[in-house]
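Asker: Fold the following and give me the result.
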Amino acid sequence: MTFRTPGFGRRLGSGRTRLVLPALVTLAVLLIAFMVFTATYTNLLWYDSIGFQKVYTTQIKAKVALFFGAGLLMVLVVGANVAIAYRLRPAYRPLSVEQQGLERYRTVIDPRRRLIAWSLLGLLGVLTGSSAAGQWPVWLAFLNRTSFGVKDPQFHKDVSFYVFTYPFLRLIIGVIFATVILSILAAVMVHYLYGGLRLQGPGDKASPPARAHLSVLFGLFILLKAVAYWFDRYGLVHSERGVRTGASYADVNALLPAKTILMIIALLCAAMFFSNLLRRGMMLPGVGFTLLVLSAILLGGVYPLLIQQFQVKPDELAKERAYIQRNIEFTRQAYGVDGAKVVQYGSQPVTDKKKLQQEADTLGGVRVLDPAVVGETFRQFQQIRPFYQFPDTLDVDRYQVDGRQIDTIVALRELSGAPREQRSWVKDHMVYTHGYGFVSAYGDRFAEGGVPEFITKNMPVSPDQKIKVDKPEIYFGERSAKYSVVGGQGQQELNYPDNSDKGQRSTTYDGDGGVPIDSFLNKLLYSAKFQDKNLLLSGAINKNAKILYDRSPRQMVQKAAPWLTLDGDPYPAVVNGRILWIVDGYTTSNSYPYSEEMSLGDATRDTITDTRSAVARQADDHINYMRNSVKATVDAYDGSVHLYQWDENDPITKTWMKVFDGTVQPRSSIPPELEAHFRYPQDLFKVQRKILTQYHVTDPGAFYNGEGFWEVPEDPAAKEKRQPPYYQSLRMPGQNTASFSLTTVFTPGGNTGGNPQLAAFMAVGSTPGRDYGQIQILQMPRNAQPAGPGQVQNSFETDEKVKAALFALRQGGTKTVPGNLLTIPFGGGLLYVEPMYTKAAGGKENQPYPILGKILVRYGNSIVAADTLDDALRQILGGTGTDTGTTPPAGTPPQGGQLSPELLKARADLRKALQDFEAAQKKGDYAAMGEAWKQLKEAEAALWSASQAPAAQPSPSPSPSGSPSVSPSPSGSPSPS
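Answerer: Below is the predicted model of the structure:
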């Protein structure tokens, strides 16, 4: 029989609980502290590795200051009011059911009131501080604000007040409002808990001290409301009440005076609450508060609505004309389109064949290679190994090749990861660490077989290539792995495959970029950061090893310049033998007065953004001001980041250059070799073209009526998606030579369906120099507008000769893929050029890729399909193109004739040659493919010749099955090794 002291087990269990709980809390605190330290210290190391440590430390200082400033304000003010309410508790409380129920709560809370109060206040302070810390850009921009030198027409304040000062004032007012409201709630709860406020029982419902305390708090709240009413007046420059953004007639003549009156009423109401310190009773404050609420409803809501309905609506244009003019002027300024030139064009096209031929002779360099289509072709011929990859949409740049500047399609051969069957931690992170090679092709020509004619290609890089690349390794790219460990002593990283016994050439990273990871502390921290124990335990990480992470160009620039909004298309360029990523950075704002607001994401969305990352998105991406203020570069080998000031007049850039002093280099420091590869950014252009669909109209009356508004047309190759802008070299009217430009077209606004005609052509100079950024719009005659993109595409599909050529291309399961439909000012009219690619049906043994089938061209009413642009121009200018769309296609007998024996034989030969070509493709027999290609060209010539001979006997006209030219589409062949 055993005996134990009663309650001993319970006391022992209680003691263990008292020991375990503090231990668990301590452990949790230490874990959180370690996680915070890891995140902060590794970020500091990363910023230090690219030379932008100041950016991170400045952010940390600002966040800490705001966190503790706002958090302490909340804790001290709310805590003080809680303490005051507790001290003002009545000494005696009347007996009632209500107080008896509250007594139970007081019994539980009183012994722990300090712990409960400080815990809740601490939580409140953390939440407030965290919210305020996220507003660090608003605070730093306010402290370093720069004048715009432009004043708004209503309040005559500099635009910087609305962009920098007004948001900060609203932030301060918001924090104080939240503090006062929470103080009122806390005071009410304490007063009620301790009997200062009562809901039941006889007599006053509030004790005199409680009434005085709450009167002061409500008075402060209404006083803040008076201040808010005053500053709300300035917010009218962003009003949406009128026809367009900005203070409208009703805002200026009704709401503006109403805000002033409401401010005065609020001051009087606040005084009534403060007077309650000297007198008892809530009647006077109650009357004042009721007056304020009714005034807010009547003056702030009903009165402006009545003015809008009964004064503005019946004569809206007359009342709103001046305010529409303000919106037009400030919107054009904010988006940088106030200097756009609109030129009347197309009323007198050149008809003289000789003059057109002379102009055609200067047309050379039309970019017929479509970067949005040939990504698969690049992959097929230049992937080399399956662990390399190219983007779906390539980039357009220009290079000096053989003494001539040409449009060039460029891409980097990036690493997609270790082969699936060879995966291991070491291979994933220490062997397969980088891509290799800069691949480029002529934009204005094709090689034999309709494939790109490469300028730089293959591995290793040849020293004889026309674009010299000294450092072809791609350690920092758009497809880089989450992290790689490189540069360790004796570490062998795959550089490129070759035909040696080892099957590859290895290298060791020796760049300056990256964070050292050869110490135990750094291994431990990065092991925790990436939650990968191998970083700590692996013996393969040697001396001098570095870890590369957060290394996509956009990610690096965004961290180096968090105040920028980045373009969605970083592009590579070879500058002095090194591969650099070029990233366009924008300064944006949604606070520019009188400027029309838009969604940045919606404005930049088109068919290209489906295959390429769009502009960096934000939770609220609405803007009403935008500038291409910074050009950034990231070295693809060592990750060095450079920021260059591009727009030297942008006040927002100047402001942030003060905040992060020394991080942005002046424009004068840009190397000329780098500047030659800068181009006008697409996302800015897309925003500007959306603005110019309406804001090319500068007369308020015409603008109000929507006269002459345009639309961005649908891409004829992808319905219900906007046509993207295109980079191309062209000669605008009045220019002596062609220049690299970014172009788009507009169709008339209000189109309800079908294929509208062309309203205007727009181009912006994209070569740094005098014409860079100059927007020029060619406006077509309204009574004789040329065909729009949809109509042109439809004409290609319905023209008899072109239809026959396309029909021939689509034989044997092959499909056609339309390339970019380029619009080019030519001979006083417009020349349309579209490469039509062919792509064979895919299978398990081959991957199809597009090759050129035909070049489709239209000028006026003449339409042709040819093997080259030169051939197409010769046919059009020589008069052999289709003029009416009724000429019978090749291979179709004249009306009442029948197919000749020669024509039947030519068509049979063509089919056989096509079948031979496809069979050789599947086998990967390049010799047989070449022989079949020759047979195809011979059969093509015979078909054309036979189709021109007159038919001897009547016969029903068969379906077209021939064409003057055929370019079969190879469906894939083994990559060269």
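Asker: longest single helix anywhere in the protein?
Answerer: Using DSSP state H, we find that the single longest helix of the chain is helix 8-50.
Asker: That helix packs against which elements?
Answerer: Using 3 or more CB pairs under 8 Å, 6 or more residues apart in numbering; DSSP states H and E as the contact criterion, the elements in contact with helix 8-50 are helix 53-87, strand 515-516, helix 520-529, helix 553-560. Placement of C-beta: from N, CA and C, glycine included.
Asker: Check the gap between residue 803 and residue 865 for me.
Answerer: Distance of residue 803 to residue 865, given as CB to CB, to the nearest Å: 9 Å.
Asker: For those two, indicate the residue with more neighbours.
Answerer: A direct count of neighbours by other CB atoms under 10 Å for residue 803 and residue 865 places residue 865 higher, at 30 against 17.
Asker: Hmm, the more buried one is touching residue 871, no?
Answerer: No. Applying CB atoms under 8 Å, one finds residue 865 not in contact with residue 871, separated by 9.5 Å.
Asker: what is in contact with these two at once?
Answerer: Taking CB atoms under 8 Å, 6 or more residues apart in numbering as the criterion, residue 865 and residue 871 both touch residue 855.
Asker: The stretch 51-200 of the chain: strands as residue ranges?
Answerer: Per DSSP state E, counting those that start in this stretch, the stretch 51-200 of the chain carries no strands over any range.
Asker: rewinding a little: please identify the most buried of the helices and strands packed on helix 8-50.
Answerer: Neighbour counts (mean count of other CB atoms under 10 Å) averaged over each of the helices and strands packed on helix 8-50 peak at helix 553-560, with a mean of 22.
Asker: Next secondary structure after it?
Answerer: Counting by DSSP states H and E, the next helix or strand C-terminal to helix 553-560 is strand 565-566.
Asker: Listing partners with orientation, what would you give for that next one?
Answerer: Strands adjacent to strand 565-566 in the sheet, as given by DSSP bridges, are strand 578-589 (antiparallel).
Asker: what separates the following helix or strand past the strand it pairs with from the chain centre, distance-wise?
Answerer: Using DSSP H and E, the helix or strand that follows strand 578-589 in sequence is strand 598-599. Offset of strand 598-599 from its chain centre (CA atoms, centre = their mean, to the nearest Å): 12 Å.
Asker: same for the following helix or strand past strand 598-599, what does it pack against?
Answerer: Next helix or strand after strand 598-599 toward the C-terminus (DSSP H and E): helix 600-604. Packed against helix 600-604 by the contact rule (3+ CB pairs under 8 Å, 6+ apart) you find helix 682-695.
Asker: Could you check the angle the helix it packs on makes with strand 578-589?
Answerer: Angle of helix 682-695 versus strand 578-589, following axes from the mean of the first three to the mean of the last three CA atoms, to 10 degrees, is 40 degrees.
Asker: Average pLDDT for helix 682-695, rounded please.
Answerer: Mean per-residue pLDDT for helix 682-695: 96.
Asker: tell me what the following helix or strand past it is packed against?
Answerer: Proceeding N to C from helix 682-695, the next assigned helix or strand is helix 700-705, under DSSP H and E. Packing contacts for helix 700-705, counted by 3+ CB pairs under 8 Å, 6+ apart, involve helix 316-334.
Asker: Need the residues that contact the helix it packs on.
Answerer: 150, 152-153, 242-249, 252, 311-312, 338, 340, 592-596, 624-626, 691, 695, 697-698, 700-701, 703-705.
Asker: next one: stretch 595-607
Answerer: 238, 244-246, 327, 330-331, 333-335, 372, 565, 568, 588, 590, 614-615, 617-618, 621-626, 682-683, 686-687, 690-691, 695, 715, 717-718, 721-724.
Asker: Could you check how far residue 546 is from residue 57?
Answerer: In terms of CB to CB, residue 546 sits 22 Å off from residue 57.
Asker: make that residue 478, sorry
Answerer: Following CB to CB, the distance that separates residue 478 from residue 57 is 28 Å.
Asker: do the same with residue 142
Answerer: 20 Å.
Asker: Check residue 224 too.
Answerer: 35 Å.
Asker: before we move on, what about residue 279?
Answerer: 55 Å.
Asker: which among the contacts of helix 316-334 end up buried?
Answerer: The neighbour count (16 or more other CB atoms under 10 Å) marks 152-153, 242-249, 252, 312, 340, 592-596, 624-626, 691, 695, 697, 700, 703-704 as buried among the contacts of helix 316-334.
Asker: Mind pulling up the pLDDT for residue 22?
Answerer: Here, the pLDDT recorded for residue 22 equals 79.
Asker: That one: neighbour count?
Answerer: Quick note: residue 22 (other CB under 10 Å) scores 10 neighbours.
Asker: Residue 710 too?
Answerer: Residue 710 has 26 nearby residues by other CB under 10 Å.
Asker: same question, residue 819
Answerer: Neighbours of residue 819 (other CB under 10 Å): 25.
Asker: That one and residue 840, how far apart?
Answerer: Taking CB to CB, one finds residue 819 at 17 Å from residue 840.
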